[in-house]
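In: Here is a sequence with its predicted model. Questions after.
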Amino acid sequence: MSLQSLSDYLEYDRDHLWHPYTSMIDPLPTYLVESAQGVYITLSDGRVLIDGMSSWWSAIHGYNHPVLNAAIEQQARSMSHIMFGGLTHRPAITLAKKLIDLTAEPLQHVFFADSGSVAVEVAIKMALQYFSAQGKQDKQKLLTVHSGYHGDTLGAMSVCDPINGMHSLFKGVMPEHFFAPEPQCYEDGSNNIHLLEKQLKTHHQAIAAVIIEPLVQGAGGMRMYCSDYLFELRALCDHYDVLLILDEIATGFARTGSFFAYEQANIIPDILCLGKALTGGYMTLAATLTNSKVAQGISADGSGVLMHGPTFMANPLACQVANASIDLLLASSWQEKINKIAKQLEKELMPCQDLNCVNDVRVKGAIGVVELKEPVDMKALQATFVAQGVWLRPFNKLVYIMPPYIINEQELSCLTASIYTVLSAYH
């Protein structure tokens with residue numbers, strides 16, 4: 001068929017393109033985007049939507065930003081890509097230095113991956129290879145918590161929540177690891193870290209690393225927990241000779257209120273995964289950072305090499321736009337912006353708590369979550385939000401918001417008001 005009309009494109013998309021978590025027999029509807037500018041998404045039918053998702057955490061500066069556009073255009077004039085095996089380039093070296101300077105001092109070594117899931121795969125390999133090189137080959141398992149999400153590749157998926165992480169579909173093929181209950185923090189200041197400690201105490205000789213999303217669990221349930229849990233977790237990992245992997249692919253680059261979420265717990269991971277907002281939403285790129293103990297420990301093995309090397313590792317276009325995105329963020333009053341967004345989300349989302357369909361409302365930095373009592377009808381709710389002129393992507397029991405940092409008060413109010421209005425009529 002020839003693709004001429006809007007309906008032609010959408011029909012071809014429906015019949016041939018596989019979208020995230022969508023059936024090919026009865027796919028969810030898609031909306032054809034013509035352009036995006038600032039916090040606005042323009043559909044091909046002329047409707048304009050305020051973006052409340054930052055394209056899944058990534059477009060923190062909004063869309064079509066002139067500084068980021070210029071970085072891409074300038075880099076493309078010299079080289080768009082070059083293999084990283086045996087070659088290097090200034091954008092990658094500059095970006096590595098920025099990340100090393102921004103993160104805690106022990107994190108001195110950077111591996112560039114081509115997606116967040118791959119960054120997690122690399123982190124897992126680092127942990128396993130490190131202990132193998134130390135002669136501790138029994139340490140081949142990971143420990144994590146329920147309600148987590150770390151990506152969709154097989155290794156990353158193995159440490160996602162075992163129920164909503166699709167483990168049953170790949171049983172017998174996917175690695176099996178240890179799980180503790182999701183973090184819980186109570187009003188008296190206590191938490192349930194002792195339940196994770198039980199797993200460490202029993203299985204530490206088989207565990208290479210604990211992997212966890214700091215302070216905010218993402219797609220596994222959008223749960224939030226206290227920094228004390230992380231502080232105590234760091235001490236437990238040290239005590240039981242287990243590495244600590246922090247997955248900040250979603251929480252990094254100011255989303256939770258500090259530049260990195262781990263800073264709020266005053267801890268330092270052994271391995272840190274970054275992605276999503278790294279390039280401001282322009283290109284796919286991720287990074288796995290580690291300390292000299294792990295990096296040099298891996299090299300103690302006979303092979304001495306980390307067993308990973310993506311074709312598009314350290315892509316120059318992606319590295320250059322990441323450099324520009326980080327500079328843009330650092331030059332802005334990002335702390336003030338995040339604090340302002342957080343206060344507005346708290347003020348304008350909390351009334352949802354009184355709605356009959358709502359179970360909980362929570363806010364952390366520039367993240368707002370309205371958890372319903374029952375799973376949503378995504379198709380119906382998505383269409384209703386689009387009709388309201390906003391772009392939100394509910395899933396399971398969650399209607400959540402993570403706007404671009406450049407959003408103004410009126411635009412954010414349109415998003416929060418839409419959430420309240422739509423859920424008020426939702427049954």
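Out: Thanks, I have the structure now. Numbering: from 1, shown residues only.
In: buried stuff in the host helix or strand of Asp228?
Out: Using DSSP states H and E, Asp228 falls within helix 227-239. Buried residues in helix 227-239, defined by neighbour count with 16 or more other Cβ atoms under 10 Å: Ser227, Tyr229, Leu230, Phe231, Glu232, Leu233, Arg234, Leu236, Cys237. For the C-beta atoms, the positions are set from N, CA and C on the backbone; glycine is no exception.
In: other SSEs contacting the helix or strand following that helix?
Out: The helix or strand immediately downstream of helix 227-239 is strand 243-247, counting by DSSP H and E. Counting contacts by 3 or more Cβ pairs under 8 Å, 6 or more residues apart in numbering; DSSP states H and E, strand 243-247 is packed against helix 116-133, strand 207-212, helix 227-239, strand 271-274.
In: The ones you listed: which one's closest to Asn315?
Out: Of all the helices and strands packed on strand 243-247, helix 116-133 sits nearest to Asn315, with 12.5 Å by Cβ to Cβ.
In: Quick check: mean pLDDT of the helix holding Asp228?
Out: Averaged over helix 227-239, pLDDT sits at 98.
In: what's the spacing between it and its chain's center?
Out: Helix 227-239 sits 22 Å away from the centroid of its parent chain (Cα atoms, centre = their mean, to the nearest Å).
In: What of stretch 38-45?
Out: 24 Å.
In: can I get the CA coordinates of it in PDB?
Out: Output in PDB follows, covering the C-alpha atoms of stretch 38-45 (Å, rounded to 0.1, in the frame of the first residue of the first chain):
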ATOM      1  CA  GLY A  38       9.500  22.800  24.200                       C
ATOM      2  CA  VAL A  39       7.000  20.900  26.300                       C
ATOM      3  CA  TYR A  40       4.500  20.600  23.400                       C
ATOM      4  CA  ILE A  41       3.800  17.600  21.100                       C
ATOM      5  CA  THR A  42       2.000  18.300  17.900                       C
ATOM      6  CA  LEU A  43       0.000  15.500  16.400                       C
ATOM      7  CA  SER A  44      -0.500  15.100  12.700                       C
ATOM      8  CA  ASP A  45      -4.200  15.900  13.000                       C
END
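In: And the helices in the stretch 51-200 of the chain, which stretches?
Out: Using DSSP state H, counting those that start in this stretch, the helices of the stretch 51-200 of the chain run over 54-57, 66-78, 90-102, 116-133, 154-157, 193-203.
In: Give the burial count for Thr288, as a bare number.
Out: Thr288: 30 surrounding residues under other Cβ atoms under 10 Å.
In: Can you tell me what sits against the helix or strand harbouring it?
Out: Assigned by DSSP H and E, Thr288 falls within strand 286-291. Contact partners of strand 286-291, identified using Cβ atoms under 8 Å, 6 or more residues apart in numbering, comprise 95, 99-100, 103, 106-116, 118-120, 122-123, 126, 249, 270-276, 278.
In: out of those, which are buried?
Out: The neighbour count (16+ other Cβ under 10 Å) marks 95, 99, 103, 107, 109-116, 118-120, 122-123, 126, 249, 270-276, 278 as buried among the contacts of strand 286-291.
In: follow-up on the earlier one: can you tell me the average pLDDT over the strand holding Thr288?
Out: On average, strand 286-291 scores 98.
In: Give the next helix or strand downstream of that strand.
Out: Going down the chain from strand 286-291, the next helix or strand is helix 292-298, by DSSP H and E.
In: Tell me which other helices or strands that next one touches.
Out: With contacts defined as 3+ Cβ pairs under 8 Å, 6+ apart, the packing partners of helix 292-298 are strand 107-113, helix 116-133.
In: Glu336 is nearest to which of the ones you listed?
Out: That would be strand 107-113 among the helices and strands packed on helix 292-298, by Cβ to Cβ, at 26.6 Å.
In: Direction included, what does the closest one pair against?
Out: strand 286-291 (antiparallel) (DSSP bridges).
In: The partner strand vs helix 116-133, what angle?
Out: 30 degrees (axes from the mean of the first three to the mean of the last three Cα atoms, to 10 degrees).
In: Strand 286-291 vs helix 90-102, what angle?
Out: Counting by the same axes, to 10 degrees, strand 286-291 lies at 50 degrees to helix 90-102.
In: send the alpha carbons of strand 286-291 over as PDB?
Out: The C-alpha trace of strand 286-291 is given here as PDB (Å, rounded to 0.1, in the frame of the first residue of the first chain):
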ATOM      1  CA  ALA A 286      24.000   5.000  28.700                       C
ATOM      2  CA  ALA A 287      27.000   4.700  31.000                       C
ATOM      3  CA  THR A 288      28.200   2.200  33.700                       C
ATOM      4  CA  LEU A 289      30.700   3.700  36.100                       C
ATOM      5  CA  THR A 290      32.700   1.800  38.700                       C
ATOM      6  CA  ASN A 291      35.600   2.200  41.100                       C
END
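In: Distance check, the closest residue in space to Met350 that isn't next to it in sequence against His16.
Out: Spatially, and ignoring its direct neighbours in sequence, Met350 is nearest to Val361 (5.6 Å; Cβ to Cβ, 6 or more residues apart in numbering). Distance check for Val361 against His16: by Cβ to Cβ, to the nearest Å, it reads 39 Å.
In: Check Ala387 too.
Out: Applying Cβ to Cβ to Ala387 and His16 gives a distance of 27 Å.
In: These two: which has the busier surroundings?
Out: Under the neighbour definition other Cβ under 10 Å, Ala387 and His16 were set side by side, and Ala387 has more, 11 against 8.
In: Quick check on that one: phi, psi?
Out: phi -60, psi -30 (degrees, to the nearest 10).
In: pLDDT score for Ile163?
Out: Ile163 carries a pLDDT value of 84.
In: residues in contact with it?
Out: His146.
In: Run through who's touching the helix or strand where Glu11 lies.
Out: Glu11 belongs to helix 6-16 when elements are defined using DSSP H and E. Under the criterion Cβ under 8 Å, 6+ apart, residues Met1, Ser2, Leu3, Pro27, Pro29, Thr30, Leu32, Ser44, Asp45 lie in contact with helix 6-16.
In: rerun at 10 Å
Out: 1-3, 5, 19, 22, 24, 26-32, 34, 43-45 (Cβ atoms under 10 Å, 6 or more residues apart in numbering).
In: wait, Ile326 sits on Ala96?
Out: No: Ile326 lies out of contact with Ala96 (Cβ atoms under 10 Å); the separation is 11.7 Å.
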